[in-house]
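Q: here is a sequence with its predicted model. Questions after.
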Amino acid sequence: MANASEHFRQKTRWHWLETVFWLCTLLPFLVTPNYLSLASQIAITALFALSLDLILGYAGIVSLGHAAFFGVGAYTAGLLAKHYWSEPLAGLLLGGVAAGLVGYATSHIVVRFRHLALIMLTMGLGLLLHEAANSASDLTGGADGLQGINTGELFGFRFDMFGRTAYAYSLAVLFICFLISRRIIHSPFGLALRGIRENATRMPAIGAPSRAHLRKAYTIAAVIAGIAGALLTNTTSTVSLETLSFGRSADVLVILILGGTGRLYGGIIGAIIYMVARDQFSGLNPQYWYFWIGLLLVAVVMFLPNGVLGGLNALYQKSK
Amino acid sequence: MLSTKNLNKSFGSLVVAHDIALELPRGERHALIGPNGAGKTTLMNLMTGMLRPDAGRIFLDGEEITADAPHERVRKGLARTFQINTLFPQLSALESVTLAVLERDGNARNWWRGLPRFGAAIDEAQGILDSLKIPSTKETRELPYGQQRLLEIALALATRPKVLLLDEPAAGVPKDESAALFDAIGGLSRDLTILFIEHDMDVVFRFASRIIVMVGGRILVAGPPAEIARDERVREVYLGKSRLAA
């Protein structure tokens, strides 16, 4: 019966295209050395989108308040660096832990709902946190953002103005979190999440504690989102209220849908397209670049219902 | 094996279960029959915990399960299938049944070890699929309808139930194929207590060792097939003369 396990091995095997892809992420160092700050922003956004993919693409939880965890991670890292400890990795870890705690606490409410109620609930929680940070200006700096963050060296490397350290650091964190996420989705727990996405009614009928699974997934996603937020603080030495904003929650959803949900790489591809497009279009006309993003989103949803990556995958399957 | 005591359930003024007291002895194959709207599926939903009774108690193997959540009842040995396919469309049959095995053994919480390393669970799932002749590697949505009906049963069997509730296992299957489906059900372990809802009386009398007749949310009569076949009240219901068969 070796064949039976082979079925799973095939689905979890590392594809050579993945190696090519990750090698390509090193290209900005050589090809576009003037755009490393942008590349770093893309890696951070990709990590944020990856965290959303874990709950949306795999467990089917649609969230419009995912920035809450990004923001908690960003502020936690910022406050730590400003007041106590400037070494960036500590901020990264603590940011993830803090976001994970908020995620675990809210997960008990979130997993009780589905569909529209769930979207409204996550959005509401996001807005609550945003306003709380806004009014607690003594702690967070309010609308002015958190100023005076001093980020120390990372393994002896300073965060240079060209963004070389920033990109190397962001890329490394993205890659490690990607490997962890990949491992999770290829575990029994990952299969259970796909089961919940595929049919939430059937899960209890096979003895599955769906809510416990969802709480765990939501918490893991919150930790990774928090790490992404902390990474932004680490690499830019500022935290603005925007990290908690509804706009950021909506953007990351758009990014993931553009790229394609439930395939881990969707968020990364989406982030590249979205951030490069924003960079280029806002150069043409800074006020109206959302017009182009809107057009892109409509086109993708109409013609590539599984996102850009879903479309590429369909092409690849055809060519085989 | 499974028993209910005075189960009651109403939706507003509509009584869907009225003082249901049942006793399903171990190893028997019980057919649950009755006209449409008699409350057969409702009774299964009450037994499995998908609906909460207004009053009454449910026991599985002597243990009260009235307050247990649906997934806890499954873990204690009460599994069900659905009248309308309730499967995982984009998982392969093997993935689906493996998931059920992993959940049963508490391994589905494991989020770090790779799936291919759970060889025992995978082989067991493959064995269940082989015994029902379901192709294992195709996505569920690509399976023919009849095989999807079998997969419903395979998923329930993977939980290693003591009691198996089958809600119209052959619903939508053409008559010539439904015989094969019921042969598969007939071939299940004799230790397994089965309750199945079915409208085809040929099938009911061929496979059931006991028959329970429900009308209007009440148990009209329960007993061995020969007794039911002679029962005047049952004849009335099925000939459409009864006032109850609204």
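A: Okay, I see it. Numbers count the residues shown, from 1 in each chain, chains lettered A, B, ... in the order given.
Q: test my guess that residue A:209 contacts residue B:74.
A: No: using CB atoms under 8 Å, residue A:209 and residue B:74 do not qualify as a contacting pair, with a distance of 10.2 Å. Where you see a C-beta, it was placed from the backbone N, CA and C, and this is true even at glycine.
Q: these two: which is more packed in?
A: Per other CB atoms under 10 Å in any protein chain shown, whichever of residue A:209 and residue B:74 has more neighbours is residue B:74, with 27 against 20.
Q: helix or strand for the more buried one, which one?
A: helix B:70-76 (DSSP states H and E).
Q: what residues of that helix count as buried?
A: B:70-71, B:73-76 (16 or more other CB atoms under 10 Å in any protein chain shown).
Q: which one among the residues you listed gets closest to residue A:213?
A: Distance to residue A:213 across these (CB to CB) is lowest for residue B:71, with 10.5 Å.
Q: need the contact list for the closest one.
A: A:203-205, A:207-210 (CB atoms under 8 Å, 6 or more residues apart in numbering or on different chains).
Q: do that again at 6 Å, thanks
A: Residue B:71 is in contact with A:204, A:207-209, counting by CB atoms under 6 Å, 6 or more residues apart in numbering or on different chains.
Q: what's the closest non-adjacent residue to it?
A: For residue B:71, ignoring the flanking residues on the chain, the nearest one in space by CB to CB, 6 or more residues apart in numbering or on different chains is residue A:204 at 4.1 Å.
Q: hmm, who's touching the host helix or strand of that neighbour?
A: According to DSSP H and E, residue A:204 maps onto helix A:202-205. Helix A:202-205 is contacted from outside by A:195-196, A:210, B:70-71, B:80, B:86, using CB under 6 Å, 6+ apart.
Q: show me what from chain B comes close to chain A.
A: Neighbours of chain A within chain B, by CB under 6 Å from any CB of the partner chain: B:70-71, B:74-75, B:80, B:86, B:88, B:90-91, B:94, B:99-100, B:102-104, B:107-108, B:110-116, B:119, B:122-123, B:126, B:137, B:155, B:159.
Q: restricted to strands, list the residues you listed.
A: residue B:80 (DSSP state E).
Q: mind listing what residue A:50 touches?
A: A:181, A:267.
Q: gap between it and residue B:132?
A: Distance check for residue A:50 against residue B:132: by CB to CB, to the nearest Å, it reads 39 Å.
Q: equivalent analysis for residue B:210, please.
A: In terms of CB to CB, residue B:210 sits 24 Å off from residue B:132.
Q: and for residue A:91?
A: Distance from residue A:91 to residue B:132, by CB to CB: 55 Å.
Q: got it, and residue B:196?
A: From residue B:196 to residue B:132 the distance is 16 Å (CB to CB).
Q: the more surrounded of the two?
A: More crowded of residue B:196 and residue B:132, by other CB under 10 Å: residue B:196, with 25 against 20.
Q: SS state for the closest residue to that one other than its chain neighbours?
A: Nearest non-adjacent residue to residue B:196, counting by CB to CB, 6+ apart: residue B:166, 3.9 Å away. Counting by DSSP: H, G, I helix; E, B strand; the rest coil, the backbone at residue B:166 sits in strand.
Q: please give the element, helix or strand, for residue A:295.
A: helix A:289-303.
Q: same question, residue B:32
A: Element membership for residue B:32 (DSSP H and E) is strand B:29-33.
Q: contact partners of that strand?
A: B:24, B:40, B:194-198, B:204, B:207-213.
Q: stretch B:148-167 too?
A: By CB under 6 Å, 6+ apart, the residues outside stretch B:148-167 that reach it are A:206-207, B:1-2, B:41, B:44, B:61, B:74, B:77-83, B:85, B:87, B:93, B:97, B:100-101, B:104, B:128-129, B:132, B:134, B:173, B:192-197.
Q: mind checking which of those residues are buried?
A: If we count by 16+ other CB under 10 Å, the contacts of stretch B:148-167 have these buried: A:206-207, B:1-2, B:41, B:44, B:74, B:77-83, B:85, B:87, B:93, B:97, B:100-101, B:104, B:128-129, B:132, B:134, B:173, B:192-197.
Q: just the pLDDT for the most centrally placed residue in chain A.
A: For chain A, the residue whose C-alpha lies nearest the mean C-alpha position (CA atoms, centre = their mean) is residue A:48; its distance is 1.5 Å. Looking at residue A:48, its pLDDT is 98.
Q: residue B:243 too?
A: 48.
Q: likewise for residue B:181?
A: Residue B:181 is assigned 87 on the pLDDT scale.
Q: correct me if wrong, but it is in a helix.
A: Yes: when three-state DSSP is applied, residue B:181 is found to be in a helix.
Q: now the closest residue to chain B within the stretch 1-150 of chain A, nearest residue through space, not along the chain?
A: In the stretch 1-150 of chain A, the residue that lies nearest chain B is residue A:4 (4.0 Å; CB to the nearest CB). Nearest residue to residue A:4 in three dimensions, chain neighbours excluded: residue B:126, at 4.0 Å (CB to CB, 6+ apart).
Q: between the contacts of residue B:71, which is nearest residue A:140?
A: residue A:209 (37.2 Å).
Q: where does the closest one land on pLDDT?
A: For residue A:209, the predicted pLDDT is 95.
Q: quick one: distance of stretch B:217-225 to the chain centre.
A: From the chain centre to the centre of stretch B:217-225 is a distance of 18 Å (CA atoms, centre = their mean, to the nearest Å).
Q: so which bits of stretch A:4-16 are buried?
A: Quick answer for stretch A:4-16 (16+ other CB under 10 Å): A:4-5, A:7-8.
Q: from these, which land in strands?
A: Per DSSP E, those never map to strands.
Q: pick out the most distant pair among those.
A: So, these by CB to CB: farthest apart are A:4 and A:8, at 7.9 Å.
Q: which helices and strands sit right next to the helix of greatest length in chain A?
A: Identified as the longest helix of chain A according to DSSP state H is helix A:210-236. Packing contacts for helix A:210-236, counted by 3 or more CB pairs under 6 Å, 6 or more residues apart in numbering or on different chains; DSSP states H and E, involve helix A:36-53, helix A:67-83, helix A:88-110, helix A:164-185, helix A:188-198.
Q: nearest to residue B:184 among these would be which one?
A: Going by CB to CB, the one of the helices and strands packed on helix A:210-236 nearest residue B:184 is helix A:188-198, 23.8 Å.
Q: so which residue of chain B lies furthest out from the middle?
A: residue B:112 (33.8 Å).
Q: quick one, phi psi at the closest residue to residue B:224 other than its chain neighbours?
A: Nearest residue to residue B:224, sequence neighbours excluded (CB to CB, 6+ apart): residue B:210, at 6.0 Å. Reported as degrees, to the nearest 10, the phi and psi values for residue B:210 are phi -140, psi 150.
Q: thought residue B:210 was touching residue B:25?
A: No: applying CB atoms under 6 Å, one finds residue B:210 not in contact with residue B:25, separated by 8.0 Å.
Q: the two: which is more packed in?
A: residue B:210 (19 against 12).
Q: ok, the more buried one - contacts?
A: So residue B:210 contacts B:28, B:30, B:224 (CB under 6 Å, 6+ apart).
Q: between those, which is nearest residue A:158?
A: Nearest to residue A:158 among these, counting by CB to CB, is residue B:30 at 76.1 Å.
Q: tell me the spacing between that closest one and residue B:123.
A: Applying CB to CB to residue B:30 and residue B:123 gives a distance of 32 Å.
Q: of those two, which one has the most company?
A: Legend: neighbour count by other CB under 10 Å for residue B:30 and residue B:123, higher for residue B:30 (23 against 17).
Q: who does the more buried one form a beta bridge with?
A: Residues in a beta bridge with residue B:30, per DSSP bridges, are residue B:195, residue B:210.
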